[in-house]
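J.: Predicted model and sequence below, questions to follow.
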Amino acid sequence: FLNPRGLEQYSGGGWGTRDVCQGAFEYLIAQGDWMICRDLLLRVFEEQNEDGDWPQWFMLYPRDKEIRASDSHADIIYWPILSLTTYIERTNDLDILKITTKSKNRKQERTILSAVEQAHSHWRTNFIKGTVLPKYGNGDWNDSLQPLNDEFRNHAVSTWNAELSFMTYTALFKLYKILEKSNLQIQVENEKNKLLQNIKELCMEGGVLAGIRNFKEGCTHPFLLHPSDTQTGVKYSLIPMIYGILSEILDPIEVEHHLKIIKDKLTGPDGVRLFDIPIKYNKGFSNYFRRAETASYFGREIGLMYTHAHLRYCEALGHLGKSKELLFELSKINPIGIQKRIPSAKVRQSNCYYTSSDGQFLDREEAFTRYQDLLDGNVDLEGGWRVYSSGPGIFIKLFYESLLGIRQYKDGIEFDPILPLGLHGTEILIQISDKTVRLTYQIVNENATLAFIELNGHSISFERKENRYRRGGGKMLYNDILIYMRESDNFLVLKLD
């Protein structure tokens, strides 16, 4: 709220809908700042368009309120819903659904619940014919892949957008179940099941998720950013692989196959990279994308090591329970002493977040021909744009919720740490119900997960959380533990095996 803008701008700027619903929201939810989360969500829902979509970005302060984006990428509509359902899961605050928002951009006021239903109705109008796959529209998370023409907009699908849609269906199903809206619950479940089938059958070929699938009639090369792609030259796309894990669309065998691709084809000295090679620079001309083929600057998405994507890779590693890999990859983002971990990295400001790690090439043509040198560690890596809106919040959330495994709820606390064996015996101080607690991690082996919780010598019961790929964490209710709490000298032990 103090500084609602993205880059190192001393004035102007606005809230990016997907940005504020990721890093800012995820930081606040990890800190248990429920009222600020609520306020943030209400401001975002106030900006919903008449048709149920959201603008790509909007201005926060009254003086600039009428300034906003006229359109948005196809993923934008999902982020407010995902943030809202996460907030409700953590707080049980169903009253937020009854709150009414109004806007100059809509004819009538609508409740938050009506806004959710309107958003669902809107994205149902943008399916590829015969499927529930969302049309490519104005693009996906990778801003460099904005489509060149309407034909591509209306006939292509971003696999990542489809996976995000699947995650939103999963969240809506849980919400409608709580609200006992059986008709909507059945509709959402049916569409979710069909979407899963569509992704596995239409967006994955030869066991590899494609970045983009083109459904244009008569198209002889339907898969882009895929091993069968003969058009762009790019064979592998990172984001669909990461979200194939986070959405739990991939089965365990498919997960390991895609992890091997990431390790062999998409990993550089400074982290994972969006594609296996840069999209070829086309000197001002576009074949498919507005920016990827024409932008002269080799950095951020164009330079391929985009830190936000690496953070989501870390999140996927945590979801899989890969403890050593999670700590190792998360450490690559920390600018403090970075040259000890990444020898080709240049000196970076140690107290801020960098949006990317950019190879020091003279131009894009040199970057294309010498990209393998970068992967081999023979090209200097400079930190990209700093102090960006979303990444730092995600980093802190991952450190707190994935690595240390502490997830706050209004009525309890969940523990799901993914710590390597080398950190056995680690102790930290945390607050539970305004009391200081010394938390000790007892780790038996690598990739260990929560087995036992003990508070002041008493075994604590907990609800085991679901996870398709490993044993999930455990949530304990404050009501079950307060009877064992002391005014001081509280000791909590988590045993992981």
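T.: Sure thing, it's come through. Residues are numbered from 1 along each chain as shown.

J.: Surely Glu446 is within a helix?
T.: No: using DSSP: H, G, I helix; E, B strand; the rest coil, the assignment for Glu446 is coil, not a helix.

J.: Now do the contacts for the closest residue to it other than its chain neighbours.
T.: Residue nearest to Glu446 in three dimensions, not counting chain neighbours: Leu421, with 5.0 Å by CB to CB, 6 or more residues apart in numbering. Every residue, glycine included, has its C-beta placed from N, CA and C. Leu421 makes contact with 323, 443-446, 448, according to CB atoms under 8 Å, 6 or more residues apart in numbering.

J.: how about CSV for those residues, with distance to Met59 and neighbour count added?
T.: Shown next, in CSV, are these (distance: CB to CB, whole Å; neighbours: other CB atoms under 10 Å):
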residue, distance to Met59, neighbour count
Ser323, 43, 25
Ile443, 48, 21
Val444, 52, 11
Asn445, 52, 11
Glu446, 48, 13
Ala448, 47, 23
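
J.: So which residues make contact with stretch 338-350?
T.: Counting by CB under 8 Å, 6+ apart, 269-270, 331-332, 335-337, 354, 357, 360, 377-383, 386 sit against stretch 338-350.

J.: quick one: low-confidence parts of the stretch 101-250 of the chain?
T.: Nowhere does the stretch 101-250 of the chain drop to pLDDT under 70.

J.: From the contact counts, what lies against the top strand by length along the chain?
T.: Assignment by DSSP state E gives strand 435-443 as the longest strand of the chain. Using 3 or more CB pairs under 8 Å, 6 or more residues apart in numbering; DSSP states H and E, the elements in contact with strand 435-443 are strand 427-432, strand 490-496.

J.: Of those strands, which is nearest Ser247?
T.: strand 490-496 (25.5 Å; CB to CB).

J.: Tell me the strands beside the longest strand of the chain, with direction?
T.: According to DSSP bridges, strand 435-443 forms sheet pairs with strand 427-432 (antiparallel), strand 490-496 (parallel).

J.: For the helix or strand hosting Glu151, give me every contacting residue.
T.: Using DSSP states H and E, Glu151 sits within helix 150-155. For helix 150-155, contacts defined as CB under 8 Å, 6+ apart pick out 128, 135-138, 147, 214-217, 219, 288.

J.: Please spell out which residues along that helix are buried.
T.: 152-155 (16 or more other CB atoms under 10 Å).

J.: Helices of the stretch 351-497 of the chain, start to end?
T.: 364-369, 371-375, 391-397, 478-481 (DSSP state H, counting those that start in this stretch).

J.: Would you point to the one among those helices that's packed deepest?
T.: helix 391-397 (a mean of 22; mean count of other CB atoms under 10 Å).

J.: which residues are in contact with that one?
T.: Helix 391-397 has contacts (CB under 8 Å, 6+ apart) with 22-30, 307-308, 311-312, 315, 330, 333, 353, 355.

J.: Give me the subset of those lying in helices.
T.: Counting by DSSP state H, those place 25-30, 307-308, 311-312, 315, 330 in helices.

J.: ok so, going back, Serialize the strands paired with strand 435-443 to CSV and add fields for mean neighbour count and distance to Ile453.
T.: Output for the strands paired with strand 435-443, formatted as CSV (neighbours: other CB atoms under 10 Å; distance: least, CB to CB, whole Å):
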stretch, mean neighbour count, distance to Ile453
strand 427-432, 13, 12
strand 490-496, 20, 6
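
J.: separation between the spatially most central residue of the chain and Ile128?
T.: By CA atoms, centre = their mean, the chain has its centre lying nearest to Arg312, at 5.3 Å. Using CB to CB, to the nearest Å, one gets 25 Å for the distance from Arg312 to Ile128.

J.: Specify the local secondary structure of Pro240.
T.: Relying on three-state DSSP, one would call Pro240 helix.

J.: Out of the strands paired with strand 435-443, which gets nearest to Phe275?
T.: Set against Phe275 and scored by CB to CB, those come closest in strand 490-496, at 35.9 Å.

J.: Kindly export the closest one (C-alpha atoms) in CSV.
T.: Output of strand 490-496 as CSV, limited to C-alpha atoms (Å, rounded to 0.1, in the frame of the first residue of the first chain):
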residue,chain,number,x,y,z
ASN,A,490,7.5,-23.6,25.5
PHE,A,491,9.2,-26.3,23.5
LEU,A,492,7.9,-27.7,20.2
VAL,A,493,9.5,-30.7,18.5
LEU,A,494,8.8,-31.8,14.9
LYS,A,495,10.1,-35.2,14.0
LEU,A,496,10.6,-35.8,10.3
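
J.: Contacts for that strand, please.
T.: Outside strand 490-496, the residues within contact range by CB under 8 Å, 6+ apart are 405, 415, 417, 419, 430, 432, 435-444, 448-457.
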